[in-house]
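S.K.: pasting a predicted model and its sequence here:
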Amino acid sequence: MKAVVIGGTGLIGSKVVRKLDDHGHEAVPASPKTGVNTLTGEGLAEVLQGAQVVIDVSNSPSYEDEAVMHFFRTSTTNLLQAAAEAGVTHYVALSIVGTDRLPENGYFRAKLAQEKLIKASGLPYSVVHATQFFEFMNGIADSATEGDTVRIAPVKFQPIHSDDVATAVARTAAGTPLDGTVEIAGPDTFRFDELVRDVLTAQNDPRTVVADPHAPYFGSELQEASLVPGAGAQLAGTRFADWFAQQKK
């Protein structure tokens, strides 16, 4: 199987490439670094020649609302057209648990628009919804910081290791198209504010974490289950505590 991994030089994409290669597939990383630009269409036709699968784990260079919407709408439209012309038989995209629950979040709106384009394309597809990555904890804390205070909603939170995300994406890509969505998450559920507090305390970070039910998460007010998957989710094996302990060594 030849699989082209869009965003294949990034955090998730590079891991997906390695995992597919390790299982005997031909995985081709595609990104602006390799001469493939989904926004302009540059290099798409060439890299997709002979590919059976496209895996889109790309990300917008800007998180500003209009910019991120333009990125996902334009790049997905270009990629879907090129994939159809190349005869691709499985289109896989990585998205986020809760894209349809947080309409005030510009990034989630853009990912939802991406998903709608894929579903309407007529191509056989699979969408993988992942929860937030372990690696994003400090970035989340920084985004919620005002002065020396970090305001986090006390809601359910079930993060996942990026390596487990890559495993799930690679496994999905090697399988039969779902023509639907699969949810993946880490094995443990936390209170969002408590986990952020524990992480910062362990890092000797002097900021104070406050549980605030109205604290925005990138523009959205969270409900209890906004960021966690449903009952049928696939749960990964890596526990946050084990991963975090390794980061401190």
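M.R.: That came in fine, so what should we check first?
S.K.: now the element after the longest helix anywhere in the chain, going C-ward?
M.R.: The helix that spans the most residues within the chain, counting by DSSP state H, is helix 65-86. For helix 65-86, the succeeding helix or strand toward the C-terminus, using DSSP states H and E, is strand 90-96.
S.K.: helices and strands around that next one, which ones?
M.R.: strand 53-56, helix 65-86, helix 106-120, strand 125-130, helix 162-174 (3 or more C-beta pairs under 8 Å, 6 or more residues apart in numbering; DSSP states H and E). C-beta here means a position set from N, CA and C on the backbone, and glycine is covered the same way.
S.K.: how near is the residue of the chain positioned farthest from its centre to residue 245?
M.R.: The centre of the chain is farthest from one residue, residue 206, which by C-alpha atoms, centre = their mean lies 29.7 Å away. Applying C-beta to C-beta, to the nearest Å, the value for residue 206 to residue 245 is 22 Å.
S.K.: hmm, back to that, and the helices and strands packed on strand 90-96: which comes nearest residue 239?
M.R.: Using C-beta to C-beta as the measure, helix 162-174 is the one of the helices and strands packed on strand 90-96 that comes nearest residue 239, at 10.5 Å.
S.K.: may I have the helix or strand just after the closest one as CSV, with CA atoms only?
M.R.: Next along the chain after helix 162-174, taking DSSP H and E as the criterion, comes strand 180-185. This file holds the C-alpha atoms of strand 180-185, laid out as CSV (Å, rounded to 0.1, in the frame of the first residue of the first chain):
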residue,chain,number,x,y,z
GLY,A,180,-17.6,7.5,9.3
THR,A,181,-15.7,8.6,12.4
VAL,A,182,-13.8,6.8,15.1
GLU,A,183,-13.0,8.4,18.5
ILE,A,184,-9.7,7.8,20.3
ALA,A,185,-8.6,9.0,23.8
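S.K.: how close does residue 241 get to residue 35?
M.R.: 41 Å.
S.K.: ugh, wrong one, I meant residue 17
M.R.: Distance of residue 17 to residue 35, given as C-beta to C-beta: 16 Å.
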